[in-house]
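> everything below, folded, please.
(chains A and B)
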Protein chains: 2
Amino acid sequence: MIKLRFMSGLAPVQLRRLAAVAAEGSFEAAARLLHVTPSAVSQRIKALEETVGQVLVRRHRPCDVTEAGRPLLRLAGQLALLEREALAEARGSLGVDPGRTRVAVVVNADSLATWFPPALARLPAEPGFSFDLRQDDQDHSAELLRAGTVMAAVTAQREPVQGCRARPLGAMRYRALAAPPMVDRWFADGLTRAALAAAPVVVFDRKDRLQHRFLRTVTGRALDPPVHYVPSVPAFSAAIRLGLGWGLVPEQIAEDDVAGGSCVDIAPGRVVDVPLYWQHWHLDSPVLVALTAAVRAVAAETLRPVTGQDC
Amino acid sequence: MIKLRFMSGLAPVQLRRLAAVAAEGSFEAAARLLHVTPSAVSQRIKALEETVGQVLVRRHRPCDVTEAGRPLLRLAGQLALLEREALAEARGSLGVDPGRTRVAVVVNADSLATWFPPALARLPAEPGFSFDLRQDDQDHSAELLRAGTVMAAVTAQREPVQGCRARPLGAMRYRALAAPPMVDRWFADGLTRAALAAAPVVVFDRKDRLQHRFLRTVTGRALDPPVHYVPSVPAFSAAIRLGLGWGLVPEQIAEDDVAGGSCVDIAPGRVVDVPLYWQHWHLDSPVLVALTAAVRAVAAETLRPVTGQDC
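Numbering: from 1, shown residues only, chains lettered A, B, ... in the order given. Okay, here's the model as predicted:
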């Protein structure tokens, strides 16, 4: 391990302890990961807090990093990656690196459930990677990027997070589906405003506004129909197949449901495209370059070109 | 709306405001839901805090309820359900109830992605239900039950949460799968200790200990192989099919993967059964009775009898 010490008095070992506590959620788990005692973790973090003059970790269960701790956490992650890559290069080959490079990425739920995993399988086999994926909505994604907990994100947020670069990936296309009995009961006369105001709708969670934006686009009005919250991609499409409500389903999943006859497209020709972005640390790292290339290649094959029209 | 006031000085309207803030995460969103102003929400909560003599809501983004607020939150949920059911009964029919009964349940990720949604479709069509599902691990489930945020849970936790009843549902059966190229590379000589110590494994998240328990059962030792964290049920099984690692897959999903040839059962005959429990408020409510019957019926058809053997 390279022993660095910055002019500022920050020691990389302290930053590593901070990163481990943030990733594992407790001093005990961080200590297990690092093969040291919990009190050794605690002392290093205390020393770091004294250097900075701020509380960096809230001692909750799970522990989390304060606002003041976030830039240091991102620095820790960036240092760890650069150090590992420099070492591997110095040894003359990526292959001899004994450890695995941790690739931490946060991905929105629909991408994670459909097109994203194949991108990971396209990374070169060496150096070995350890994928640390998170599933989340766009608010939390920005937070994780800012804190350096993840090095990249697939997100609907276009504005680059501080210290990051954002590139367009293409649009996820959604189709409005319902089961045939639901269509018979509610939409025999089509998508009338009265039907859409009363028919139950399946929504992923409280942050998912896609269905409500679709309602406003179709009817010109903000409607407030009965809602079922189903925060799991397979359960979401199952709820629609079972006739609990209509909802917007990624085309990758919608295709099979419509072809199999379990669902009907209730608004044929009227799709909803959600542009997605690849946000990543602005860092010259071979791992990030390889990951970015793999993600962009798979996205180009599976997502839609962004047309500017957006629900 | 029935106007109740308890001897204790607690007003149901205050409890309803508390429940709305807890469910929506902010005073503004709670106000929108209740069609009142944010300051009206704030005043009621303040009055409730004065009555109780404790801070009940932490004013974060999102807001959360303090330890002192949790029993009141559970009371709020129970009162809302009982009141709605009493009203509907008083009116002579469940059907005339103009609103929808909110059914809030937390379900572990694998159940939510497989057998749970069909249980919801078995509830009687009237009164209309509004399902408010959450996906979570067992720790968080107990917390949500205790706080009254949910009325029931599908969880691996056997001990009843305070104020709740726990009934066994049967066991979710897992099989150890890997893609054929992964088997060729790592398990040509079977599940040796050396192979299992080195072969990468797919794990749902940091709370998922299933794969590590399996390793200990098979090898008699705690092993620490390279881990990929993939916290999405469809992405988890995709990661295994893509050859990123081996992992334990619910039999409902494993069956198709093995039949389709994308995966191999690396430990045939050696299954892992995880007993699941239905925990629900100890409350004499028709909705809870109907939901419990539907969940138990579907579980009886899809889960395995618990044999006592458990990984």
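> show residues contacting the helix or strand harbouring A:E255.
Here A:E255, judged by DSSP states H and E, is contained in helix A:251-259. Helix A:251-259 is contacted from outside by A:113-115, A:173-175, A:177, A:233, A:237, A:240-241, A:249, A:263-265, A:271, A:302, using CB atoms under 8 Å, 6 or more residues apart in numbering or on different chains. (Each C-beta comes from the backbone N, C-alpha and C, glycine too.)
> ok, and of those, which contact chain B?
Among those, the ones lying near chain B by CB under 8 Å from any CB of the partner chain are A:113-114, A:233.
> now the longest helix along chain A: buried residues?
Secondary structure assigned by DSSP state H gives helix A:70-90 as the longest helix of chain A. Buried residues in helix A:70-90, defined by neighbour count with 16 or more other CB atoms under 10 Å in any protein chain shown: A:70, A:72-81, A:84-85, A:88.
> pLDDT of stretch A:262-273, averaged?
The average pLDDT within stretch A:262-273 is 95.
> that stretch: how far from the chain's middle?
26 Å (CA atoms, centre = their mean, to the nearest Å).
> low-confidence stretches in the stretch 51-200 of chain A?
The model of the stretch 51-200 of chain A has pLDDT under 70 over residues A:87-99, A:137-139.
> need the pLDDT of A:L10.
pLDDT, A:L10: 72.
> my guess is it contacts A:L72, does it?
Yes: between A:L10 and A:L72 there is a contact under CB atoms under 8 Å: 7.5 Å.
> tell me, what's touching those two both at once?
With CB under 8 Å, 6+ apart as the test, A:L10 and A:L72 both reach A:L48.
> pull the contacting residues for the most centrally placed residue in chain A.
Central residue of chain A (CA atoms, centre = their mean): A:V107, 2.2 Å from the mean position. By CB under 8 Å, 6+ apart, A:V107 lies in contact with A:116, A:133-136, A:153-154.
> within reach of chain B, which of the residues you listed are there?
Among those, the residues within reach of chain B (CB under 8 Å from any CB) are A:116, A:133-135.
> got the residues of the stretch 101-250 of chain A near chain B?
Checking the stretch 101-250 of chain A against chain B by CB under 8 Å from any CB, the hits are A:109, A:112-114, A:116-118, A:120-121, A:128, A:130-135, A:200, A:206, A:226-235, A:238-239, A:242-244.
> sorry, back to before: show me which of the buried residues of helix A:70-90 is closest to chain B.
A:R84 (14.4 Å; CB to the nearest CB).
> so the closest residue to that closest one other than its chain neighbours bridges to which residues?
With sequence-adjacent residues excluded and distances taken as CB to CB, 6 or more residues apart in numbering or on different chains, A:R84 is closest to A:T101, at 6.0 Å. For A:T101, the beta-bridge partners under DSSP bridges are A:F129.
> and the gap between A:T101 and A:P226?
Per CB to CB, to the nearest Å, A:T101 is found 47 Å from A:P226.
> more crowded one of the two?
A:T101 (22 against 16; other CB atoms under 10 Å in any protein chain shown).
> show me the contacts for that one.
By CB under 8 Å, 6+ apart, the residues touching A:T101 are A:81, A:84-85, A:127-130, A:287.
> also A:D136?
Residues near A:D136 by CB under 8 Å, 6+ apart: A:106-109, A:144.
> which of these ranks first by neighbour count?
Ranked by the number of neighbours (other CB under 10 Å), the contacts of A:D136 place A:V107 first, at 28 neighbours.
> bridging residues for that residue?
Applying DSSP bridges, one finds that A:V107 bridges with A:Q135, A:V154.
> separation between it and A:L276?
10 Å.
> what of A:A176?
A:A176 is 19 Å from A:L276, by CB to CB.
> again with A:R122
Distance from A:R122 to A:L276, by CB to CB: 18 Å.
> over to A:A76?
28 Å.
> buried residues in stretch A:120-127?
Under 16+ other CB under 10 Å, the buried positions of stretch A:120-127 are A:120-121, A:123, A:127.
> for these, work out which two are farthest apart.
Greatest spatial distance among those (CB to CB): A:A121 and A:P127, at 15.5 Å.
> and the ones next to chain B among the contacts of A:V107 as CSV, adding neighbour count and distance to B:A23?
Below are the ones next to chain B among the contacts of A:V107 laid out as CSV (neighbours: other CB atoms under 10 Å in any protein chain shown; distance: CB to CB, whole Å):
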residue, neighbour count, distance to B:A23
A:F116, 24, 30
A:L133, 24, 28
A:R134, 20, 24
A:Q135, 23, 22
